[in-house]
Structures are given as structure tokens and as C-alpha cells.
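Visitor: Output the structure for:
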Amino acid sequence: MINQRNPPSSNWYSSIRNHLSNGTPKEALVIYTQIRRNPLCVLSIAPLIFKACASLSTIRYGKAMHAESIKAGVESDVVVGTSIVNMYGKCCDVINACKMFDKMPVKNVVTWNAMISVYMRNGATEKALCLFEKMTDRTEVSWIEMIAGYAKVGDTKMARCVFDRVPLSLKNVVTWSVMVDGYASNGEMKAAKDMFEAMPERSFYVWSSMISGYLKKGEVEEGRAIFDRMKVRNLVNWNSLISGYCQNGLCNEALDAFAKMQLDGFEPDEVSFASALSACAQLGSLEAGKELHNMIIQKRIKLNQFILNGLVDMYAKCGDLTNARLIFDNESELEKNDSCWNAMISGFSIHGHCREALEFFNKMEKSSVNPNEITFLSVLSACAHAGFVEDGLETFKKMEKYGLSVNVKHYGCIVDLLGRAGRLKDAYQIVTKMPMRPNDMIWGTLLGACRLHSNLYMANRVLERIRLQDSCDSSCYVLMSNIYAASERWEKAESFRIVMSSNKVIKTVGHSSVTLNNT
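Guide: Residues are numbered from 1 along each chain as shown. As a prediction, the model looks like this:
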């Protein structure tokens with residue numbers, strides 16, 4: 001931060017630039033608000049301020065800065081104008097970006113590239129192609145924007161067509177890497193592998209793209225094989241592996257890789273810690289999570305949104321709700337996104353603090369952050385376990401208010417809620433009127449409720465529907481056998497066991513896990 005009210009002009013540019021380089025664009029805007037009345041500073045720092053607005057996607061601040069650049073008479077400057085185009089594009093305001101581009105008296109190739117990027121970022125691929133074809137002078141960036149843009153919207157065929165047109169003098173390791181990443185990002189790993197193997201030289205970036213691509217598809221062995229082929233690695237490659245392990249539920253492997261990365265001489269960064277915290281959260285390993293928290297403090301890792309969310313999620317999932325709430329309460333309102341709120345609500349829900357989960361949901365509704373599908377899933381689950389029938393039904397209705405689509409998991413929670421409360425008829429009607437096909441979990445939940453309330457009549461109706469759907473698994477037979485056994489109708493109970501045996505239906509084995517000596 002700048003202590004002086006009006007720092008020397010020589011410091012303005014470097015201070016703002018340093019904040020942008022360090023990933024703190026908010027602080028850059030704070031400095032500008034202190035010096036904005038000095039007209040001499042506008043031309044020199046306007047491009048940096050527009051970049052800060054673009055990073056934060058603050059269209060209101062960006063428009064205000066645009067007005068100030070007009071007043072200062074610097075809007076027609078090609079660098080300032082290009083920055084304005086880029087700012088509007090990153091704030092998803094294509095119309096104003098296009099207006100600015102069209103009225104610029106002087107444009108250079110950077111300006112054209114910026115406008116192509118605006119179109120591609122917002123899915124206007126035809127307009128981007130039209131502009132691209134009009135360019136008389138194309139740079140490496142022009143081709144990369146087109147390839148990456150098509151890949152982003154999933155049109156890898158057009159991305160490849162553009163790649164094949166790249167002049168030989170501009171077809172370098174970056175161009176190749178962007179095309180490989182385009183295939184990998186869209187899950188087309190065979191095409192990605194073919195191009196990867198054909199590359200004249202490879203960058204660290206393209207190795208990470210391949211590792212992430214395989215792991216995102218669940219092809220863990222292939223991803224690890226690519227990682228093992230690397231003779232020299234960097235931190236990004238390690239982060240791709242650790243993150244990929246977490247995504248596939250291989251949390252012990254993720255923590256092992258986190259440790260090996262440090263033995264390999266790499267200091268973990270925010271991305272490394274966020275992935276490692278996620279692994280601890282999934283494992284429920286509070287001790288390992290606390291060790292990571294201490295490392296973050298000792299190494300003075302910047303507490304950005306990802307780290308803070310990771311800490312809240314880890315403590316909440318591990319049952320240390322006191323520390324989770326402490327970190328949550330210390331976050332500023334701007335740092336609390338839906339993931340952070342969801343971590344707290346989910347933590348309260350899975351650890352039986354259902355009333356607190358509802359209270360946090362109500363607080364979230366009053367905040368600037370809207371709940372999403374995951375939020376409702378956690379709240380509905382809490383209501384089901386606590387028996388808050390009316391709260392649950394009221395919460396379920398709110399999904400329409402937020403424009404959210406109800407999926408089969410939400411219906412499962414409502415069926416569980418009504419089933420536990422003994423409202424089996426209502427639960428059955430919901431299942432039969434669902435807009436999608438009920439899955440085995442929903443039928444099993446309803447059948448379990450029939451067992452809980454010893455309702456043989458409804459159990460047989462449910463079983464009839466399950467048979468019609470041809471989705472009767474071992475749990476259905478076991479539940480029906482138990483329902484009849486509870487009613488002391490032993491012959492019927494035995495008959496279901498015999499059916500299981502004759503149909504070679506194997507009962508799914510249950511598993512439990514315990515932690516001994518941090519393992």
C-alpha cells in the first residue's frame with residue numbers, strides 16, 4: 001500500500017504494475033483512486049488500470065475509467081484504446097468492445113488480436129473468423145487466439161483447420177502446445193497423444209496439458225506414464241499430477257506426490273496447497289490438514305480465495321467446525337464465494353449440525369452470493385437427517401426461484417426426507433412423477449423407508465415398479481427379505497434369499513475405514 005496521499009509520479013506506474021504482477025489488482029485500483037485527480041497520470045497508467053479492471057471483471061469501474069480517459073483526451077491513443085477493447089471483452093461486454101474497436105482512428109495488430117480474443121472468449125466464432133480473414137498482418141498471437149478460441153467452444157475440428165494453415169515460420173512450440181491442449185481440454189486424448197508425439201519440441205506447458213487431460217478422464221495410469229517420461233519437471237507439472245490424483249479420489253497418492261515434489265526441490269505454491277488440502281478433506285485426515293495449515297503460515301503463502309476455501313473445506317469435512325468457522329468469519333465478504341459457503345453448510349450437514357446448516361443457508365441468501373445446486377443438496381440432506389420436513393420442502397421449492405435445475409440427487413433427498421417422516425405415499429408420488437428416470441438409489445431409499453416403518457403394502461408397490469424398470473439389485477432383495485423378517489413372515493423372507501441365490505445376485509460387501517498412526 002502507498003502511505004503517502006500523493007506519491008511521486010515516478011512511483012505511480014511501478015507501484016501499480018507491481019500489484020498487477022503480484023496478482024493484487026484491487027490494490028492497484030486503490031492507488032489509482034488516490035491519484036486519479038492528477039490529469040498527468042492518466043495516459044501513462046490508463047492501460048494498467050484497464051488491465052486491473054479486466055482481471056477483476058469490474059465493468060462499472062472499467063466504464064468509469066473509460067469516461068476519464070475520454071475527458072483526458074487519451075482515448076484515441078492506440079495503446080489505451082486496445083486496453084479498453086480488452087477490458088470490455090473480459091467483462092463480457094462484446095457490444096462496447098466492438099464499438100470501441102470500430103471508432104479507433106489507429107489500430108495495430110495487437111488491437112486486431114484483442115478484438116479477435118473478445119469474440120472468441122464470448123463464443124462469437126464466426127465474427128472472429130471474419131475479422132481474422134480481414135487481417136493483412138498476422139502474428140503468432142493471431143493464430144493462437146483462433147486455435148484456442150475454437151478449442152474453448154469445443155470445435156476442435158476448426159481449431160485443427162486453423163492450425164494446419166499456420167505459416168511454417170510461425171508454427172512454433174507454443175502453437176503446437178495450444179493445439180495439443182485444445183484436444184486434451186476436450187477429452188480427445190487420442191488426437192492429443194498423436195499430436196504430442198509428433199511435436200518437434202515440447203514445453204513444460206504441453207506436458208502438463210497431457211497429464212491433466214488423462215487424469216481428467218480418469219485414465220490415471222496413462223497420466224502418470226506421461227509424468228514419468230519427463231526428464232526435467234517444473235512446479236506446474238507436479239501440480240497437474242497432484243490435482244489429478246485428487247480429482248480421481250486417489251488422495252493418499254496426492255499427498256505422497258506432494259511430499260515427493262518437495263524432495264525434488266520444489267516449494268509448494270497456492271495451487272499445490274489447495275490440492276493437498278482437498279486430499280486431506282476427502283480423507284478426513286485432520287492431523288495432516290493441520291500440518292499443511294502450519295506450513296502455509298510458516299512459508300507465508302498468500303491466503304488467496306483458493307487457500308481459504310481449501311482450509312474451510314478441510315476443517316469442515318474433518319469435523320473441526322470451530323476452526324472452519326473461525327477462518328470463514330475472518331474472510332472478507334468479497335472473498336466468500338459459493339464454494340466457501342457450501343463448505344460450511346456441507347460441514348454442518350454431514351456432522352449432524354443440521355440447524356446450523358439451515359441458519360448458514362439463510363445467511364447465504366442474504367449475502368451477495370447465490371446458492372447453487374450443491375448448496376441445496378447439502379441443505380436438503382441436513383433437513384432429511386434432522387427430520388425438518390417443512391423446512392426441507394420449502395427449501396426444495398426455492399430452487400426454481402434461483403433458476404436452478406433439480407437433478408436426481410435433489411429428488412433423492414426429498415424422497416429420503418418424506419420417507420424418514422413416514423410420509424411414504426407422498427414420497428412414492430414424487431418418485432413416480434419425477435421428470436427423469438428414478439435410479440436404483442432413489443428406489444432403494446424409498447424401500448428402506450418402507451422397512452423403517454414396516455409398511456409391507458408400500459414395499460410391494462415399490463418392488464413392482466423396480467421390477468418393471470428392471471433395476472433390482474442386491475440391496476432391494478436384502479431390504480425386502482428384512483421387511484418380511486421384521487414382520488415374522490419367515491417363509492417370504494427366505495424366498496427372497498433363494499431368488500438372490502438362483503439369480504446369482506451377490507450382496508455388496510460393506511467397507512469401513514479407520515486411521516491408525518496417521519495412516
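Visitor: What segments of the stretch 351-500 of the chain are helices?
Guide: Per DSSP state H, counting those that start in this stretch, the stretch 351-500 of the chain has helices spanning 354-366, 373-386, 389-401, 408-420, 424-432, 440-452, 456-469, 474-486, 490-502. These are given in chain order.
Visitor: Mind putting the ones you listed into JSON lines with distance to M199, mean neighbour count and mean pLDDT?
Guide: For the C-beta atoms, the positions are set from N, CA and C on the backbone; glycine is no exception. Output for the helices of the stretch 351-500 of the chain, formatted as JSON lines (distance: least, C-beta to C-beta, whole Å; neighbours: other C-beta atoms under 10 Å; pLDDT from 0 to 100):
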{"stretch": "helix 354-366", "distance to M199": "47", "mean neighbour count": "17", "mean pLDDT": "95"}
{"stretch": "helix 373-386", "distance to M199": "39", "mean neighbour count": "23", "mean pLDDT": "95"}
{"stretch": "helix 389-401", "distance to M199": "47", "mean neighbour count": "16", "mean pLDDT": "95"}
{"stretch": "helix 408-420", "distance to M199": "42", "mean neighbour count": "23", "mean pLDDT": "94"}
{"stretch": "helix 424-432", "distance to M199": "53", "mean neighbour count": "18", "mean pLDDT": "93"}
{"stretch": "helix 440-452", "distance to M199": "45", "mean neighbour count": "21", "mean pLDDT": "83"}
{"stretch": "helix 456-469", "distance to M199": "49", "mean neighbour count": "16", "mean pLDDT": "76"}
{"stretch": "helix 474-486", "distance to M199": "49", "mean neighbour count": "19", "mean pLDDT": "58"}
{"stretch": "helix 490-502", "distance to M199": "55", "mean neighbour count": "14", "mean pLDDT": "53"}
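Visitor: and K99, which of those is closest to it?
Guide: K99 sits nearest to helix 389-401 of all the helices of the stretch 351-500 of the chain, at 35.3 Å, using C-beta to C-beta.
Visitor: which outside residues touch that closest one?
Guide: 358, 361, 373, 376, 379-380, 383-384, 405-406, 410, 413-414, 417-418, 421, 423 (C-beta atoms under 8 Å, 6 or more residues apart in numbering).
Visitor: Next, the angle helix 424-432 makes with it.
Guide: Interaxial angle, helix 389-401 versus helix 424-432 (axes from the mean of the first three to the mean of the last three C-alpha atoms, to 10 degrees): 20 degrees.
Visitor: roughly how far out does helix 389-401 sit from the chain middle?
Guide: Chain-centre distance of helix 389-401: 25 Å, with C-alpha atoms, centre = their mean, to the nearest Å.
Visitor: Equivalent analysis for stretch 216-235, please.
Guide: Centroid separation for stretch 216-235 versus its chain: 22 Å, with C-alpha atoms, centre = their mean.
Visitor: cool, stretch 308-318 as well?
Guide: How far stretch 308-318 lies from its chain's middle: 16 Å, per C-alpha atoms, centre = their mean.
Visitor: repeat for stretch 148-166
Guide: Relative to its chain's centre, stretch 148-166 lies at 24 Å (C-alpha atoms, centre = their mean).
Visitor: now swap in stretch 337-355 and tell me
Guide: 17 Å.
Visitor: now stretch 410-430
Guide: Using C-alpha atoms, centre = their mean, the offset of stretch 410-430 from its chain centre is 31 Å.
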